[in-house]
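Visitor: What shape does this take:
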Amino acid sequence: MFEAVEEVLAEHAELERRLADPAVHADPRTARALGRRYAQLGAVVEAYRRWKALDDDLAAAHELAASDPSFRGEIPELEARREEAAARLRALLAPSDPNDGKDVILQIKAGEGGEESALFAGDLLRMYLRYAERHGWKTEILDATESDLGGYKDVTIAVRAEGSEGAWSRLKFEGGVHRVQRVPVTESQGRIHTSAVGVVVLPEAEEVDVEIDPNDLRIDVFRSSGPGGQSVNTTDSAVRITHLPTGVVVSCQNEKSQLQNKETALRILRARLLAMAQEEADAKASAQRRSQVRTVDRSERIRTYNFPENRISDHRVNYKAYNLDQVLDGELDGVIQALLDAEAAARLASADTDPTRPVLSRQR
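Guide: Residues are numbered from 1 along each chain as shown. Prediction:
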């Protein structure tokens, strides 16, 4: 039933050997990637050892019961515990998301609702920054365009997880349209308005993930606009990069230096090109990619934040809770865990119906 375990055990042992080599830790990026993979496989190894121990105990109980009937009473409990261990191991062996160990570039974009939408974009930004802080992750604002009332028309951040779990493994569910229902600060009659904010989540691509030919880029520089101080607004430090083969356009004006803005824009461009390549691969395999923003329209919502009822609803898994104030303060784990559980169940079902699909694809 668990033929794939042997390969996992071999890879786990190989990673343990490599991580014991001091030379590996001379490259922090490599060591971090190997550490994440080792932790991922460690859960499988531990689950397998527990299942194997229970399987051996059950075999011994059957053998002893053949000569001493008093041992038969232990068999039903051992069978139940072994099946529980087998279910956990089966779930861990289901196909995993190859991007789960990656860091994230997350964009929040105001949509329908004008200034109210921009203000809620600011609320979502704070929510994600607090969530990252709770998990000990590092964040960096890559680019931002503020609105007149202090919200954000558009803001892009990078999120880096420091532990064995990548930020993508949890934040990937945030892509889509987030709908808010509340009385805007601009509303004088006390009426509840509905606005929408779009969130796009991309796994951050390393240079080895996406090769960009400099000849395929058109780079324009221009003067930054909006808040930023004299050195930002009076020099041509802002950068716009167009990837000619795909038409993808990325701009950045957050940094004072043109070189810094160019490097940041290239980070975002690599992430977008990686996401496009994965979408194309998924389409060829007839797989449906998780919902992301197509248009920032209220009807395409994945989640609703209802302020009068202090309610958060995720429409993909019928999740509902009345702790919106806590969620906006960064306590997102409840809704994210519901989405993780649904994803695990879907992958397990997919593995059961398609035994040819690889499990825990090997990473190098």
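Visitor: What are the buried residues along stretch 267-280?
Guide: Arg267, Ile268, Leu269, Arg270, Ala271, Arg272, Leu273, Leu274, Ala275, Gln278 (16 or more other Cβ atoms under 10 Å). Using the backbone N, CA and C atoms, a C-beta is placed for each residue, glycine as well.
Visitor: hmm, who's touching it?
Guide: Stretch 267-280 is contacted by residues 99, 105, 142-143, 156, 158, 202-207, 209-210, 212, 241, 243, 246, 248, 250, 252, 289 when judged by Cβ atoms under 8 Å, 6 or more residues apart in numbering.
Visitor: Looking at the buried residues of stretch 267-280, spot the one nearest Ile302.
Guide: Ala275 (17.2 Å; Cβ to Cβ).
Visitor: quick one: contacts for the residue nearest the centre of the chain?
Guide: Centroid-nearest residue in the chain: Trp168, 2.4 Å away (criterion: Cα atoms, centre = their mean). Going by Cβ under 8 Å, 6+ apart, Trp168 touches Asp97, Asn99, Asp100, Gly101, Lys102, Asp103, Val104, Val201, Pro203.
Visitor: Redo the residues you listed as CSV? Include distance to Leu217 and neighbour count.
Guide: Below are the contacts of Trp168 laid out as CSV (distance: Cβ to Cβ, whole Å; neighbours: other Cβ atoms under 10 Å):
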residue, distance to Leu217, neighbour count
Asp97, 30, 16
Asn99, 25, 20
Asp100, 30, 16
Gly101, 28, 23
Lys102, 23, 25
Asp103, 23, 23
Val104, 24, 27
Val201, 24, 23
Pro203, 21, 25
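Visitor: okay if I get the residues you listed as JSON lines plus pLDDT?
Guide: Formatted as JSON lines, these follow (pLDDT from 0 to 100):
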{"residue": "Asp97", "pLDDT": "76"}
{"residue": "Asn99", "pLDDT": "82"}
{"residue": "Asp100", "pLDDT": "82"}
{"residue": "Gly101", "pLDDT": "80"}
{"residue": "Lys102", "pLDDT": "85"}
{"residue": "Asp103", "pLDDT": "89"}
{"residue": "Val104", "pLDDT": "92"}
{"residue": "Val201", "pLDDT": "92"}
{"residue": "Pro203", "pLDDT": "88"}
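Visitor: out of those, what pair is the most spread apart?
Guide: The largest distance within the contacts of Trp168, taken as Cβ to Cβ, falls between Gly101 and Val201 and amounts to 14.9 Å.
Visitor: After the helix or strand containing Glu16, which helix or strand is next?
Guide: Here Glu16 is covered by helix 4-19, with elements defined by DSSP states H and E. Using DSSP H and E, the helix or strand that follows helix 4-19 in sequence is helix 28-67.
Visitor: mind checking pLDDT for Ile312?
Guide: Looking at Ile312, its pLDDT stands at 97.
Visitor: Many thanks, have a good one.
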